[in-house]
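Student: Okay, here's the prediction I keep looking at, along with the sequence it came from:
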Amino acid sequence: MDRILKKIWDWIVVGEEYRRPEVPAEFAIAAAWLVRIGIIIVVMAVGFGLQLSISSGLLGPSGRVACAMLCGSAFVALGLRNMTKKLALLGQGFIGGGLAMFYFSFFAASMMYGKMPISVAFGCMIGVTAASVVIAVRFNALSVAVLGVVGGYLTPVMIRTSTGNLPALSAYLLLLGLGILAVAIWRQWPLLTWISIFLNTAIFSAAMVKYGTGGTLETVYVMLFFALYSTAFFIYPVFRKIKVTPLEIIPLFLNVLITLGWGWRIMDIGEHPRIFLAYLSLGMAAFYVVHIWVFLFKRNFDRGVLSTFIALTVILIGVALPLLFTGNILSTILALQALAFLWLGGKLESRMFIRGAICLYMVVLARLVIGFVDPHSFAIGTQSVYIQGLKDRVTEFLFPILSIFLAGRCFNRLPPALQHKIGDAGLREADAFRTERWVALAGFYAAFIVYLSLETFTSSKLYALDFVHANITLVWCVFLFHLLLMRKYLSASVAVGLAWFGCILIVAQWLLCGWTGLEFVHFHKLCHHDAFSTATALPRLMSTVLCGAALLAVWRVFKGDDAEEAEAITPIALYTVLALGFLYLTFEAATFCDVYVLGFRRWAVSIVWGCYGLSLLLGGLHFAKKELRMTGLLLFAITIFKIFLVDLEGSSVLFRLIAFALVGVVFLLAAYAYLKKQDTFKRPEQKKE
């Protein structure tokens, strides 16, 4: 690419595609620009001479046109005579000036003086353009080709009718494009092709806006323009077996974008359904699939061109498929294009493509954030509205999120060994994309969790209203389990940090939503706000079991881990599980008794506390954990004080009998457990005796 850019720059500065080393820069620049400025001044002098003849009445309209054509012929003849090695630059200048005079002569004869029919003048200008292209290729004169092409595209602008004829204009532009394609076969002049596609796009777009009807003929011309310029940009390096550069690859993406824009315009003015654009995209994808098949069949191809064709095929299919189902495609288009750029950057070892992909992904992430906070994105309605919205959200959110995941996989792969002789050597260093890879994976997981949480909330509101918060707890716990399974691929500090973050989020969600259901609990009664029922109890049970299972999984995974970071999380995870169980059983028993066993609520809480204390005590004895035993004994003490200070007041004799019997059994079991394990409390010297 540097070689081609240098050739373009040399042509702009010194008038040739390369400056010979023995030629000083001063001479080359001065000679080129003196010729250009001199020719412009001479052409202007001819114009002033014609203006003088008009003001003084020396020549009529026919004489003025004839005089301009004679001057143009003289200039072209003089230029051809001087197309030697030393005077080639001067010869190109004379030929360029003569061609400009020919264009002006035919324009004046038809539009200014009416001495020539418009169709004849149009044909003459086509002839001038064809002659300039032939001369340029014959003498390897890029200046002549540029002037001829610019004049060719300005011809329909200078000579136009009031009614407009879009089919004729399209045919003329196609003819010019075929001339550019012919030049591209023989000369590597990317500047000429760039100028051609720019002017062709500008003129055809303006004509379509003014005269377009959205008919079939316009679609045919759009596809022909697409095929023509797609071929023109890569045909020279493929035929000459030269390595392609980003200068030939980038225009292919631009050409696809221009064609999609034209297709959208035809769809709009022709009132076609959105499926029209899908078929247009599939047609372009088929064009590249044929090229891929031909390249693979010949077994002699450029990997860069083949990779580009594959990337463009993926992009176009990715554009077409969502259009068949929904209209929200912008984020998907950007994400697929970013993924294609990233993949090509790895294949070609080009930082330009990689940085372009990163910029596109930043736009995709911004659109995802805007979509997440938009209340209309996850609006709740009827079942049919939800299904249609789900299709839109899959395109708007899920496809871009999966593209971010694939980007992380691309960053994880080094460039192929066959490309190690070209490209940026810095891209082949170990961990060259370490930061980008982790950022992509973090963005994927964050966006995926947010999307699934919002989607779960929306679907649960419609299909399982009572389990809204429990289902969200399920989603978050699944991600925490996945994180624990992937722990071996992470460093100890990162794994523990993510586990901390996941545990805090899950416990906070359980405490604020899953357990309370966003309703205030009655702490003075130790019961929930809503009356006990299956519809309210089952979601609380599900949320609590999931939350406890997640915390126990964290405790189990990091238990016995030698890493210093894991020492703090294991006991906290275990004690948090015990606290969750205590809160759940206490409030659930009290809420149940408020509905089904009136007056027994306080005694039920005491029984739960006693049983829970017993379980802590048994666990502490079995696992030799003094903290658990002390907590169980403390809970026993609190239960005793509660029974005698709170529960006895105003309760019936039957409830007192049942409660005292059960609590007494609990205390006796605790004593039995202590006696059974008394050997564990002996000192080492006593055990030896």
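Tutor: Received the coordinates, thanks.
Student: From now on I want contacts and neighbour counts done on CA atoms only, so please keep to that.
Tutor: Noted.
Student: Could you tell me how far the helix or strand hosting Ser384 lies from the centre of the chain?
Tutor: Using DSSP states H and E, Ser384 sits within helix 383-393. Distance of helix 383-393 from the chain centroid (C-alpha atoms, centre = their mean, to the nearest Å) equals 22 Å.
Student: Beyond that helix, next helix or strand please.
Tutor: As assigned by DSSP H and E, the chain's next helix or strand after helix 383-393 is helix 399-411.
Student: any idea of the mean pLDDT for that following helix?
Tutor: Averaged over helix 399-411, pLDDT sits at 86.
Student: what's in contact with that helix?
Tutor: 331-332, 335-336, 339, 342-343, 346, 361, 364, 433-434, 436-438, 440-441, 443-444, 447-448 (C-alpha atoms under 8 Å, 6 or more residues apart in numbering).
Student: just to revisit the earlier point, buried ones in the helix holding Ser384?
Tutor: In terms of neighbour count (16 or more other C-alpha atoms under 10 Å), helix 383-393 has its buried residues at 386, 389-393.
Student: Could you point out the member of those residues that lies closest to Gly93?
Tutor: Distance to Gly93 across the buried residues of helix 383-393 (C-alpha to C-alpha) is lowest for Asp392, with 58.5 Å.
Student: How far does stretch 236-253 stretch from one end to the other?
Tutor: 18 Å (C-alpha to C-alpha, to the nearest Å).
Student: Report the buried residues of it.
Tutor: 236-238, 244-249, 251-253.
Student: And for stretch 450-462?
Tutor: 451, 453-461.
Student: Domain map for the chain?
Tutor: Domain assignment for the chain, taken from automatic domain parsing, gives 1-160, 464-596, 603-689.
Student: about what we covered before: for Leu173, state which of the buried residues of helix 383-393 is nearest.
Tutor: Asp392 (38.9 Å).
Student: Pull up the gap between that closest one and Phe378, please.
Tutor: Separation of Asp392 from Phe378 (C-alpha to C-alpha): 10 Å.
Student: Likewise for Phe457?
Tutor: Taken as C-alpha to C-alpha, the span from Phe457 to Phe378 is 9 Å.
Student: low-confidence ranges in the stretch 1-150 of the chain?
Tutor: Along the stretch 1-150 of the chain, the parts satisfying pLDDT under 70 run over 1-59, 83-90, 100, 103-104, 107-108, 111-113, 144, 147-148.
Student: pLDDT value on the residue nearest to the spatial centre of the chain, please?
Tutor: Centroid-nearest residue in the chain: Ala335, 2.1 Å away (criterion: C-alpha atoms, centre = their mean). Here the pLDDT value assigned to Ala335 is 86.
Student: So Gly613 sits against Ala637, correct?
Tutor: No: using C-alpha atoms under 8 Å, Gly613 makes no contact with Ala637, being 9.5 Å away.
Student: More neighbours: the two, which one.
Tutor: More neighbours surround Gly613 than the other of Gly613 and Ala637, with 28 against 14 (other C-alpha atoms under 10 Å).
Student: Distance check, the closest residue to that one other than its chain neighbours against Lys625.
Tutor: Excluding its sequence neighbours, the residue lying closest to Gly613 (C-alpha to C-alpha, 6 or more residues apart in numbering) is Gly632, at 4.1 Å. Gly632 sits 11 Å away from Lys625, going by C-alpha to C-alpha.
Student: try Thr458
Tutor: Distance, Thr458 to Lys625, by C-alpha to C-alpha: 45 Å.
Student: Same question for Ile506.
Tutor: In terms of C-alpha to C-alpha, Ile506 sits 27 Å off from Lys625.
Student: who has more neighbours, the two?
Tutor: Ile506 (25 against 14).
Student: Where does the more buried one fall, secondary structure wise?
Tutor: helix 492-509.
Student: So for that helix, mean pLDDT?
Tutor: Helix 492-509 carries an average pLDDT of 88.
Student: Show me what that helix is packed up against.
Tutor: Under the contact criterion of 3 or more C-alpha pairs under 8 Å, 6 or more residues apart in numbering; DSSP states H and E, helix 492-509 touches helix 468-485, helix 534-558.
Student: in it, what counts as buried?
Tutor: Within helix 492-509, the residues that count as buried by 16+ other C-alpha under 10 Å are 492, 495-496, 498-499, 502-503, 506-507, 509.
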